[in-house]
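J.: need a structure here:
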Amino acid sequence: MHSSEIIFEVTIAAEGGYDARALGHSIFTQGDDWADLKAMVRDAVHCHFDADARPRVIRLHLG
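T.: Have a look, this model is predicted:
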């Protein structure tokens, strides 16, 4: 069973840039800026899930 959506909680890193943590999954990544973070999150999701189980929607929540 797979979800059609995955949500990442995003925080501003103390050293600059952003940290992202997937809710309900062991996926953690970071990026130097928002565009870099989006690319890193997308890559992490593609690496974590098989193609048939990959969520179709990735949401980033800056909290």
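
J.: only C-alpha atoms for contact and neighbour calcs from this point on.
T.: Noted.

J.: and the contacts of the longest strand along the chain?
T.: For the chain, the longest strand by residue count, based on DSSP state E, is strand 5-12. With Cα atoms under 8 Å, 6 or more residues apart in numbering as the test, strand 5-12 has contacts from 18-23, 55-63.

J.: among those, which ones are buried?
T.: 18, 19, 20, 21, 22, 55, 58, 60 (16 or more other Cα atoms under 10 Å).

J.: among the residues you listed, which pair sits farthest apart?
T.: Pairwise distances across the buried ones among the contacts of strand 5-12 peak at 21.8 Å for 18 and 55 (criterion: Cα to Cα).

J.: what kind of secondary structure is the residue most central in space within the chain in?
T.: Nearest to the geometric centre of the chain sits residue 41, at 3.6 Å (Cα atoms, centre = their mean). Following DSSP: H, G, I helix; E, B strand; the rest coil, the label given to residue 41 is helix.

J.: fine, thanks again, bye for now.
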